[in-house]
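J.: Here you go, sequence then predicted model.
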4 protein chains.
Amino acid sequence: MSGSTFGNLFKITTWGESHGTGVGVVIDGCPAGLPLCEEDIQNYLNRRKPGQSKFSTPRKEDDTVVIQSGIFKGKTTGTPISMAVYNKNQRSQDYSEIASYYRPGHADYTFDQKYGFRDYRGGGRSSARETIGRVAGGAVAAKLLDMLGIHFLTYVKSIGPIAIHPSRFDASEIDKHPLRMPDATAALEAQNYLDNCMKSQNSSGGIVECIIKGVPAGIGEPVFRKLDSELAKAVFSIGAVKGFEIGDGFEAARATGLENNDSFYYDKEGKICKKTNHAGGILGGISDGSDIILRAAFKPTPSISAAQETISRDGKNITVQVKGRHDPVIVPRAVVVVEAMAALTLADLMLENIGTRTDTVLDYYKKQS
Amino acid sequence: MSGSTFGNLFKITTWGESHGTGVGVVIDGCPAGLPLCEEDIQNYLNRRKPGQSKFSTPRKEDDTVVIQSGIFKGKTTGTPISMAVYNKNQRSQDYSEIASYYRPGHADYTFDQKYGFRDYRGGGRSSARETIGRVAGGAVAAKLLDMLGIHFLTYVKSIGPIAIHPSRFDASEIDKHPLRMPDATAALEAQNYLDNCMKSQNSSGGIVECIIKGVPAGIGEPVFRKLDSELAKAVFSIGAVKGFEIGDGFEAARATGLENNDSFYYDKEGKICKKTNHAGGILGGISDGSDIILRAAFKPTPSISAAQETISRDGKNITVQVKGRHDPVIVPRAVVVVEAMAALTLADLMLENIGTRTDTVLDYYKKQS
Amino acid sequence: MSGSTFGNLFKITTWGESHGTGVGVVIDGCPAGLPLCEEDIQNYLNRRKPGQSKFSTPRKEDDTVVIQSGIFKGKTTGTPISMAVYNKNQRSQDYSEIASYYRPGHADYTFDQKYGFRDYRGGGRSSARETIGRVAGGAVAAKLLDMLGIHFLTYVKSIGPIAIHPSRFDASEIDKHPLRMPDATAALEAQNYLDNCMKSQNSSGGIVECIIKGVPAGIGEPVFRKLDSELAKAVFSIGAVKGFEIGDGFEAARATGLENNDSFYYDKEGKICKKTNHAGGILGGISDGSDIILRAAFKPTPSISAAQETISRDGKNITVQVKGRHDPVIVPRAVVVVEAMAALTLADLMLENIGTRTDTVLDYYKKQS
Amino acid sequence: MSGSTFGNLFKITTWGESHGTGVGVVIDGCPAGLPLCEEDIQNYLNRRKPGQSKFSTPRKEDDTVVIQSGIFKGKTTGTPISMAVYNKNQRSQDYSEIASYYRPGHADYTFDQKYGFRDYRGGGRSSARETIGRVAGGAVAAKLLDMLGIHFLTYVKSIGPIAIHPSRFDASEIDKHPLRMPDATAALEAQNYLDNCMKSQNSSGGIVECIIKGVPAGIGEPVFRKLDSELAKAVFSIGAVKGFEIGDGFEAARATGLENNDSFYYDKEGKICKKTNHAGGILGGISDGSDIILRAAFKPTPSISAAQETISRDGKNITVQVKGRHDPVIVPRAVVVVEAMAALTLADLMLENIGTRTDTVLDYYKKQS
């Protein structure tokens, strides 16, 4: 297997399994001189921490990050930043039973098919704990982007059939409720919906939306490394994502050109603006200076306590009830994971963009000498 | 700029602009010994050829491919396969006007922001003619996959508000009608819809669906090179794509775990099967042996003749009518592009998968010696 | 097979065989706005042209380059630059015999072992004609570097036992004699030596030296992408190279620390200088502002007319005399190939270096907005 | 900065500085099912451990490796293998002085030029401790290669002017003497030579030679990923390497074609053999089934106690004596680092080679299904 590395110039490599020693990430390519401390990372990680409400797994995961390299006197040195979160609260016995069968909706079967065997404890490498490395890496990317004036607004757009309503949109609500919806009314409805799901030992899907503000025009490489193409890859690499959109997304397929095209205009200061943003801030794979808007559809948590039909590894059709401590819905904790992947993608493409023009390259080296 | 290369082991690099000498592709990493001739490529290219009906641009593009390297005695040698389609029917004068302004919905503005200037003839590098290289590359990948028993069924699922209906699904209809819908009734309705679009100098979006049959379980690398993640990147790198789904896609976000989980069972021959395929053939980023199902949402053709507001490069708010020969809808010609990108992705990950297990590696080298 | 792509941000992909349609290269990642025309490339290619003296093959190769994309109004657009040299003077019959046996010192045997068969015409992909793509790509890199004040001095240091003498070093001699030695006396001696080689149907090895002037301090990435490491890879990828050195090279292994360490000092203007340059301009994998000095050892041309023992493909021990038009020595024509590979390496690492510091990244984006 | 990742399919990423928390490596792409335990790694690491004799630094470094992921029930799972060696014996005070000046022969100056500042404690990222990650990674690659019948014979060929003599070559001597020379007489002479170096507060360079036995023909990708090209990069990325050779190396530049070409012949069993191995086992960048022979020239340890002229960061020409605990010669401890880099390179290219032929790919997938 390979594929545990993401990015070109701002690159992360994650490692670790749910019930091993821990999980971690190595960032290679973060520019030198960025102020960085463990608290920057921890604040990000706390946003994905379970155990904050009844809607996330009651497992206590301290998820305390340690930085092991790449920082000197409070700044990044330009060398690899190794970070780890060591596991403290494993209860491997919870998972011993699942060694013998394939859980529906999980990667148990496909890992066995690919590798011949698997670390079945808590999903092993396919566990959601793998995202800890992504979030730690994304925290560093986000810090760099913050200095560039780029900010993220990421939240839950819908849970099952319950969606936020544009007229009630209030960003300040996001951190007030564990479901992270920017609409207090929708959050309450979603809470009721989830209560019913839990009563029936069931789970729910949902949609995360991410708006990136302050991205300058010109980011993204045409053809295969388009900004939207790389964001699609980044977000789709999060387990449980089944759909991805930029701007109007699938709605654009039902629209006409007159409806969908965003008209340019010069405002009173002569700044180039767009009257609408159906494109979600990307034209021809390159940012146009508007807000970048993306959405990811997450399937329902596959781990449910209700009885399900499946197969054992030794050839039998069986019925199982998956035990363990699981989230009835993924999206509230996935918000920060989507944001982290978007930040990593953007930081990488923004570094790549710097060498795009001959005059810029000449300027840079004249200034240095 | 970079980003004109796609894939790792089965790798393509495309080049060329709409109104330059031509467009082409270099494939590096195609296994040696694959029977291949220009006709294999031409058949694929002909599926994206314009001028086949009133619903595609009346430009005549012969799009005759030449293979320039990598074939000896009718077989691939394992060395790079260079292919080109030289331009014959450019009418640069059609486009000279657009040098002075930014067309809504196009990459004119973002290219200028990124590079400082642009080849404005016919969209230059951001023209849909760039996809010729992808389709030529995809034809080779598809030939290899065909020998592995893997086949594609790709078609138009919807145009504007008109979608095919599952009860009328008939794959044999796809090639009978220029709109490439597997539903004769929907095709007629879509034809009427497009006629109206054209009368109002407007255009329409649409959805392409691709089903891949015969993919063995185990393909795709967990974490960042998941099969779905790489397919998302591949398909989203096609200009005009705004949404992407695997299996139930955004519907999964509205579903519950009990609805969405696919139960495994052993059939009478002891083969592992799934009762449903909400997952679209991928679990944990790895193929599960079921059909791979993916969908791409395309925005309406941004080039429309209706009057639109936009800006000139020299600082004025203006109204334009984009002249030229354009498709009122992209999806019928995009069908083969989606298929090509999916084939390239799959061929690449299938080569990468071969070295996944120690016993396989040992077997291979024992056999060789 | 893969591996026909070199570089990360300034990237080339070469294609083509000795006796196919032609050979070519696609450059992806050249910054936009670089003035470039075919003459820039042709001047470089002419330096590797055969037929210029009795010491190179009497084959006439026009090697006329055509640029097929990536240039608009005399400048690079930032999109891929595709260039090709189409073959005109193939005499495939010369090579038909070698299909049946394995030439000593050539890649015939290893290609067959790897791929199962080979394009045996003129060495196919392993022919020295493959370097045309590298030289065309290197010409563009060198043009960019020239604008940055970086220049190359590349020459033949020795042919067989005949080496240039430091006391007679005269750079103006390099282009005066077909052997490209910066020492007229050594060039005459080498000429006599080669005459004798040719009389005995034999060939000679030699050494190419390259000095790169004007490289700023700070280029190269520590650890695996050190400047010397990437130069080693680049130069060793040229067929027939068997040794590579930076600075004192193998002599450093015989020296002591006191002899080998280069002392720093401030000159009268306060500029940082080194008293010696045993290091060849690279410390810890990063340029130190001194001249970069590298050397490559080339083995003798393996194609010789003298009788040699070898094997046929059908199982016999045989004696062969390799016919065809061959160079008795490789290094004079390899001078520009070494320079091209060094230029490509440096351009790539210089683009990568721009995003190394946070303050630089901030400056760049502040300036843009 | 980037460049801390090496390899494509068998990939390592190293992290850590001399005096930080520790150093480590993440391996991504090791095939699943390889038996592996910490002892396998520790045995390799012990070969680079200092403090074994008076010829290496008296620093005690326990260098105890911990495996943190990727192993389950004693076998690799195919997921990333994270390994770390935590620092225990730092004496940062030893190095505080060097913060103020640039040591000759070290990367102090170039790191400052590149990044604006540096972690000056013990060389930071440019310390030889960085090679611990490489050796840990190489141990895993070597274990895989061992199962494929591939073995390494690596030793010190020369120290300063003292070289082993072919007539006295005895591989069993390598591990008997701390200088790791396969020639007891030369080892004694080198010991005397080093004693004198140390008396004069000086150091010595040396050459490491590595012979790889059992590599099948066909490994290496033509053009830019030639086996010799990748080995050159791998070995040249080790700090202090200034020269690299394959087979006859620089001697080949002085030879004639008749001398240098290796004749093929069929032996009595019909096996293809070569009468000589001037090529060092590689033809056209691809292994030919003979022993792979490579050599690396290491410069003398730049850290010496003798007085040296250099500069302070604040603008003065000064004289310094570098304190600390240093090796008077690098090569004995570098033996295992060269071997590790060669093993990593070979494992990577051998995995890549598996998908080279269409028939092999077909066979693999037929067998799986």
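T.: Thanks, I have the structure now.

J.: Do a quick rundown of the strands in the stretch 201-350 of chain A.
T.: Along the stretch 201-350 of chain A, the stretches classed as strands by DSSP state E, counting those that start in this stretch are A:206-213, A:241-246, A:264-266, A:272-274, A:282-283, A:286-287, A:292-298, A:308-312, A:317-320.

J.: partner strands of the fifth one, parallel or antiparallel?
T.: If you go by DSSP bridges, strand A:282-283 pairs up with strand A:286-287 (antiparallel).

J.: Packing partners of the host helix or strand of residue A:187?
T.: Using DSSP states H and E, residue A:187 falls within helix A:184-199. On a contact count with 3 or more Cβ pairs under 8 Å, 6 or more residues apart in numbering or on different chains; DSSP states H and E, helix A:184-199 meets strand A:151-159, strand A:162-163. Heads up, the C-betas are built off the backbone N, CA and C, glycines and all.

J.: how about the ones you listed, which one is nearest chain D?
T.: Chain D lies closest to strand A:151-159 among these, at 24.0 Å (Cβ to the nearest Cβ).

J.: Can you list the buried residues in that closest one?
T.: The neighbour-count criterion (16 or more other Cβ atoms under 10 Å in any protein chain shown) identifies A:152, A:154, A:155, A:156, A:157, A:158, A:159 as the buried residues of strand A:151-159.

J.: Please work out which residues outside that strand touch it.
T.: A:142, A:145, A:163-164, A:171, A:174, A:179-182, A:186, A:190, A:193-194, A:204-214, A:295, A:329, A:331-332, A:335-336, A:338-339, A:342-343, B:253-254 (Cβ atoms under 8 Å, 6 or more residues apart in numbering or on different chains).

J.: when you compare where that strand runs with where strand A:292-298 runs, what's the angle?
T.: 40 degrees (axes from the mean of the first three to the mean of the last three Cα atoms, to 10 degrees).

J.: what angle separates strand A:151-159 from strand A:206-213?
T.: Using the same axes, to 10 degrees: strand A:151-159 against strand A:206-213 is 160 degrees.

J.: so who does residue A:70 touch?
T.: With Cβ under 8 Å, 6+ apart, residue A:70 has these contacts: A:27, A:30, A:76, A:77, A:78, A:79, A:80, A:81, A:82, D:15, D:17.

J.: And these, which is closest to chain C?
T.: Looking across those and measuring by Cβ to the nearest Cβ, the closest to chain C is residue A:78, at 6.1 Å.

J.: Is that closest one in contact with residue C:358, as I believe?
T.: No. The pair residue A:78 / residue C:358 is not scored as a contact, 9.2 Å apart, by Cβ atoms under 8 Å.

J.: that older thread, include pLDDT when you put the buried residues of strand A:151-159 into a markdown table, please.
T.: Formatted as a markdown table, these follow (pLDDT from 0 to 100):
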| residue | pLDDT |
| --- | --- |
| A:152 | 98 |
| A:154 | 98 |
| A:155 | 98 |
| A:156 | 98 |
| A:157 | 98 |
| A:158 | 98 |
| A:159 | 98 |
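
J.: Export those to a markdown table and append columns for distance to residue A:230.
T.: Shown next, in a markdown table, are the buried residues of strand A:151-159 (distance: Cβ to Cβ, whole Å):
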| residue | distance to residue A:230 |
| --- | --- |
| A:152 | 16 |
| A:154 | 17 |
| A:155 | 22 |
| A:156 | 24 |
| A:157 | 22 |
| A:158 | 25 |
| A:159 | 28 |
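
J.: Which member of those is positioned nearest chain C?
T.: Nearest to chain C out of the buried residues of strand A:151-159 is residue A:152 (Cβ to the nearest Cβ; 16.9 Å).

J.: is that closest one in a bridge, and if so with what?
T.: With beta bridges defined as DSSP bridges, residue A:152 has these partners: residue A:212.

J.: What is the burial count for residue A:273?
T.: With neighbours defined by other Cβ atoms under 10 Å in any protein chain shown, the count for residue A:273 comes to 14.

J.: quick one: it from chain C, how far?
T.: Noted for residue A:273: a distance of 15 Å to chain C, by Cβ to the nearest Cβ, to the nearest Å.
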